[in-house]
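> Provided below for reference: sequence and predicted model.
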Amino acid sequence: MRRLESDVPPRDTLAVYQTIKEELCGMEVEDVFEWFDPEPLGSASIGQVHRARLRGGKEVAVKVQYNEVGSLFRYDMKAIRKFCEVLAPENVISLNALEQQNAMELDYCSEASNLKEVHRNMERHGFTPSEVRVPLPIDGLSTKRMLVMELLPGPKLSDGVRAYFAKWAKENGTSLEELEAKSRIKIEEEGIPARYNGPSANQIEWVKKYSSFRNKFVNSGVALYNTTVGKIRGVEKLPYRQNDVLLNLPQLVDVLMRVHGRQLLQDGCFNTDPHGGNFLLLPDGKIGLIDYGATKHLSRNERLSACLIFAALHRNDENFLYELCVSGGYKSKHGRKDVLMKLMKFAYDTYGNDLMKGKNVQQFMDELKAADPYEEASDNLVMASFMSIRLRSLALGMNHPVRCSDWWGPMAEEILINEGLPYESWDRDLLNKYRPELNMQKYKFG
């Protein structure tokens with residue numbers, strides 16, 4: 001499925017040029033761009049992105065939407081819905097939320113606005129350009145089917161990480177494919193670990209600094225030899241040592257988790273689809289945040305509910321989490337708290353083996369449905385759950401399994417205090433007072 005993120009076979013360049021002409025009210029590509037690369041940087045299901053240079057010299061990325069996307073999207077969603085209604089009714093609630101959210105992706109004007117908002121939010125939270133960058137759209141060149149924005153250097157995060165592991169594998173006498181096969185077998189046999197237990201970000205940074213210092217020391221000796229003994233004897237110069245490329249994966253995961261925690265819990269404006277193709281691995285380990293078409297905006301009450309969920313998960317507060325869900329409209333056949341707790345942990349926090357107990361997703365969900373089938377629930381925070389699941393998958397692909405509440409629980413409690421509504425102050429009356437307007441979905445399992 002990784003190919004669908006940005007490696008879908010691209011469309012003909014002439015079709016792209018025609019769309020640009022239509023979006024620019026008849027202007028030709030060369031009227032706006034000094035240079036336009038016919039080979040796309042990436043191509044996904046609804047459009048493709050090209051590198052270009054504006055008149056004036058600014059390097060940009062040009063995102064162009066395919067003409068027939070709207071009708072294909074509606075047809076595909078109708079087919080998927082019929083399948084889910086018959087064979088997987090538990091997924092209908094997610095499908096409804098995804099359909100509404102993905103429909104917004106078809107308007108690039110909305111994405112341009114989202115990029116500006118996220119850029120402001122990241123600056124407000126103190127995320128410096130040394131950690132993350134968000135490309136700004138170019139004013140006057142964003143339309144419903146075309147988006148022109150700043151060009152950020154670097155590969156997709158998923159490609160950069162795979163290239164790093166491929167290099168490491170080669171240096172250690174194996175291959176990326178063998179590493180992946182071994183990891184897959186280990187997960188199938190042992191399950192997904194609950195948390196990462198490898199070297200910390202600080203430890204890896206220390207190794208990087210030590211390696212850099214060591215190479216500088218060795219290279220000073222090489223330089224002295226080459227300019228004295230080597231020059232006098234006329235022998236071939238000694239090569240200089242290059243710094244090892246050591247990717248600090250724990251640091252990258254930490255930045256991603258903090259960024260999305262702030263987006264969800266403090267801003268109520270977040271990327272619902274944070275897969276590896278929606279980030280760039282920039283020079284020196286920075287992360288580029290791109291593709292904000294699938295951006296969800298929460299009301300204040302929805303945001304407060306999300307804060308309460310992650311604070312309760314972090315505290316393992318089963319009783320409060322049950323009260324929160326019931327006040328939010330959740331109903332099940334038997335009202336079992338233990339089943340609801342497992343559902344909430346899976347949806348928002350973890351799919352580590354301490355929760356899944358060796359089961360795959362379908363087996364896990366089938367067991368919970370058999371124990372206490374849910375009958376009604378709201379879809380207000382479905383996209384928050386989807387974001388959590390996508391981030392967990394991305395982190396796992398970086399060999400760094402995460403539990404979201406480790407980052408977002410303490411952050412949520414801090415935000416609740418700043419809102420004047422600390423976690424300990426919440427009771428049934430307060431839950432009802434700040435309950436969001438609910439979008440209820442009913443279930444019927446055969």
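Looks like it came in fine. Quick caveat: nothing in here was measured; it's all calculated off a predicted structure.

> what sits against the closest residue to Gly328 other than its chain neighbours?
In space, Gly328 comes closest to Ser378 once its chain neighbours are excluded; the distance is 5.5 Å by Cβ to Cβ, 6 or more residues apart in numbering. For the C-beta atoms, the positions are set from N, CA and C on the backbone; glycine is no exception. Going by Cβ atoms under 8 Å, 6 or more residues apart in numbering, Ser378 touches 328-330, 438-441.

> again with Gly57
Contacts of Gly57 (Cβ under 8 Å, 6+ apart): Glu34.

> Bridging across strands, which residues link to the residue nearest to Gly328?
Bridge pairing for Ser378 (DSSP bridges) gives the partners Met440.

> helix or strand for Gly160, which one?
Gly160 belongs to helix 157-171 when elements are defined using DSSP states H and E.

> Which strands or helices does that helix pack on?
helix 176-190, strand 279-281, helix 382-397 (3 or more Cβ pairs under 8 Å, 6 or more residues apart in numbering; DSSP states H and E).

> quick one: Asp366 is in a strand?
No. Under DSSP: H, G, I helix; E, B strand; the rest coil, Asp366 falls outside any strand and is assigned helix.

> Just give the number of residues close to it.
Residues lying near Asp366 (other Cβ atoms under 10 Å) number 13.

> quick one: it and Asn360, what's the gap?
10 Å (Cβ to Cβ, to the nearest Å).

> returning to what we had before: next, format the contacts of Ser378 as a markdown table and append distance to Leu265, neighbour count and pLDDT.
Shown next, in a markdown table, are the contacts of Ser378 (distance: Cβ to Cβ, whole Å; neighbours: other Cβ atoms under 10 Å; pLDDT from 0 to 100):
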| residue | distance to Leu265 | neighbour count | pLDDT |
| --- | --- | --- | --- |
| Gly328 | 17 | 20 | 90 |
| Gly329 | 21 | 17 | 89 |
| Tyr330 | 21 | 19 | 91 |
| Leu438 | 20 | 15 | 86 |
| Asn439 | 20 | 15 | 82 |
| Met440 | 24 | 14 | 79 |
| Gln441 | 24 | 18 | 76 |
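
> Grab the two from these that are most spread out in space.
Within the contacts of Ser378, Tyr330 and Asn439 form the most distant pair, 12.9 Å apart (Cβ to Cβ).

> List the buried residues of stretch 49-60.
Neighbour-count burial for stretch 49-60 flags 49-52, 54, 60 (criterion: 16 or more other Cβ atoms under 10 Å).

> Mind checking which residue lies nearest the centre of this structure?
In the chain, the C-alpha nearest the mean C-alpha coordinate belongs to Pro274, at 2.0 Å (Cα atoms, centre = their mean).

> Let me see the contact set for it.
Neighbouring residues of Pro274 by Cβ under 8 Å, 6+ apart: 256, 260, 387, 390-391, 394.

> again with Gly329
Counted by Cβ under 8 Å, 6+ apart, Gly329 has contacts 376-378, 438, 440.

> One more: Gly268?
297-300, 302-303.

> Report pLDDT for it.
On the pLDDT scale, Gly268 is placed at 97.

> same thing with the one 10 residues further on?
At Asn278, the pLDDT value in this model is 90.

> Ok, the one 4 residues further on next?
The pLDDT attached to Leu282 in the predicted structure is 90.

> Do I have it right that it meets Gly288?
Yes. With contact defined as Cβ atoms under 8 Å, Leu282 reaches Gly288; the gap is 5.2 Å.

> Give me the common contacts of these two.
Common neighbours of Leu282 and Gly288 (Cβ under 8 Å, 6+ apart) are 133, 152, 154.

> Of those residues, which is the most crowded?
Of the shared contacts of Leu282 and Gly288, with other Cβ under 10 Å as the count, Arg133 tops at 22 neighbours.

> what residues are up against the closest residue to that one other than its chain neighbours?
Using Cβ to Cβ, 6+ apart and skipping the chain neighbours, the partner closest in space to Arg133 is Gly288 (5.2 Å). Residues in contact with Gly288, defined by Cβ under 8 Å, 6+ apart, are 132-135, 152, 154, 279-282.

> quick one, phi/psi of Gly288?
Backbone geometry at Gly288, expressed as degrees, to the nearest 10, gives phi -100, psi 130.

> go on, the one 3 residues further on?
For Asp291, the backbone dihedrals are phi 60, psi 80 (criterion: degrees, to the nearest 10).

> From Arg390, how far out is the closest residue to it other than its chain neighbours?
Once flanking residues are discounted, Asp291 sits nearest to Asn278: 4.3 Å by Cβ to Cβ, 6+ apart. Asn278 sits 9 Å away from Arg390, going by Cβ to Cβ.

> The two: which has the busier surroundings?
Taking neighbours as other Cβ under 10 Å, Asn278 and Arg390 compare with Asn278 leading, 23 against 18.

> So which bits of the host helix or strand of Val326 are buried?
Taking DSSP H and E as the definition, one finds Val326 inside helix 318-327. By 16+ other Cβ under 10 Å, the buried positions in helix 318-327 come out as 320-327.

> who's in contact with Val218?
So Val218 contacts Arg241 (Cβ under 8 Å, 6+ apart).

> Run a quick neighbour tally on Glu188.
10.

> domain assignment for the protein?
3-67+107-151, 155-446 (automatic domain parsing).

> Now render those as TSV, adding distance to Ala79.
Below are the domains of the chain laid out as TSV (distance: least, Cβ to Cβ, whole Å):
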stretch	distance to Ala79
domain 3-67+107-151	15
domain 155-446	20
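
> Can you tell me, leaving aside adjacent residues, what's nearest to Tyr374?
Excluding its sequence neighbours, the residue lying closest to Tyr374 (Cβ to Cβ, 6+ apart) is Ser332, at 4.4 Å.
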